[in-house]
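[1] Dropping a prediction and its sequence here:
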Amino acid sequence: GDSVYRYWTFNGRVPGPFIRVRVGDTVECYLRNAEDSWMAHNVDFHAATGPGGGAVLTTSMPGEEHAFRFKALNPGLYVYHCAVPPVAMHIAAGMYGLILVEPEDGLAPVDKEFYVMQGEIYTEEPFGTPGLLTESYDKLLNERPEYFVFNGHVGALTEHFPLKAKVGETVRIFFGVGGPNFTSSFHVIGEIFDRVYQAASITSPPLTDVQTVTVPSGGAAIVEFKCEVPGQYVLVDHALSRAERGLAGYLIVEGEEQPDIFG
Ligand SMILES: [Cu+2]
């Protein structure tokens, strides 16, 4: 049977919605906490300049709505998350996402863009136990997750929604780590990142020809590469024990074999 985990979410999904604005934009955020919610929630945008990234201004008890606005001063790819204490619990429960602040001239065009976030799930039951899982506050505080996941659940980017591209296309992955605790060694097996915007700094020149990029909890990176050879590629955190706890995604590249490059 399936393992089931009761998430807390932004807009019913994990990660939360991908938000895309431009530097200089004023972002208006309305946070409404559902009537049947169990507790207060809020949102801290790492893209915001101001106390708590908006956490205090948006703190909402069940049934309440609060709004605030911020001017996006710095381009980049930023994490947002709930910041109600214990913050690690709200993040582990699924309350994280990414907001892209594009530079004045936007990002260079690519053929495909993807949104991938890494997170951890802490449960009383061991990895793979079927049925409704119980969150473990003890394992959370000891940083002993049972699950590591891309986009919210085991299999999200493998059997359910693999990334897809064609030979010759350029791919951009907006990669973030919700965490709450573990740094990712993000890698795509069989590919080399042509460009990496390390720490998601878009205003710095990208690194070129990179195998693995370190992405801290509460941080992000943008990676770009051309798909030259068809086949199945595997997104991983190269701390590969985590692959045994659910952390993997597929990029499926379709097209003609390229025996002069690989074969
Ligand atoms: Cu929350």
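    Happy to help now that I have it. Numbering: from 1, shown residues only.
[2] and the residue of the stretch 51-200 of the chain found nearest the ion, how many neighbours does it have?
    Taking Cβ to the ion as the measure, the stretch 51-200 of the chain has C82 as its residue closest to the ion, at 3.1 Å. Quick note: C-beta positions are derived from backbone N, CA and C, even for glycine. The number of residues packed near C82 is 25, by other Cβ atoms under 10 Å.
[3] Cross-check the contact I'm expecting between it and M39.
    No. In this structure, C82 is not within contact of M39 by Cβ atoms under 8 Å, at 10.0 Å.
[4] any common contacting residues for these two?
    When Cβ atoms under 8 Å, 6 or more residues apart in numbering defines a contact, no residue borders C82 and M39 alike.
[5] now the residue of the stretch 51-200 of the chain closest to the ion, nearest residue through space, not along the chain?
    Spatial nearest neighbour of C82, chain neighbours left out: M95 (3.5 Å); criterion: Cβ to Cβ, 6 or more residues apart in numbering.
[6] doesn't G16 make contact with the one you found?
    Yes. Counting by Cβ under 8 Å, M95 does reach G16; the two are 7.2 Å apart.
[7] between those two, which one's more packed in?
    The residue with more neighbours, out of M95 and G16, is M95; 28 against 22, by other Cβ under 10 Å.
[8] Quick check, pLDDT for the nearest residue to P130 once chain neighbours are set aside.
    Leaving aside its sequence neighbours, P130 sits nearest to G1 (Cβ to Cβ, 6+ apart; 3.5 Å). On pLDDT, G1 comes in at 75.
[9] okay but G1 is in contact with T129, surely?
    No. Applying Cβ under 8 Å as the test, G1 and T129 come out as separate, 9.4 Å apart.
[10] who has more neighbours, those two?
    Using other Cβ under 10 Å, the more surrounded residue of G1 and T129 is T129, with 14 against 6.
[11] check contacts around the residue nearest to C82.
    So M95 contacts 8-10, 16, 41, 81-82 (Cβ under 8 Å, 6+ apart).
[12] Name the helix or strand for A108, please.
    Secondary structure assignment for A108, by DSSP states H and E: no helix or strand.
[13] and what of the one 5 residues further on?
    Per DSSP H and E: E113 is located in strand 112-121.
[14] Having no further points to raise, I will conclude here.
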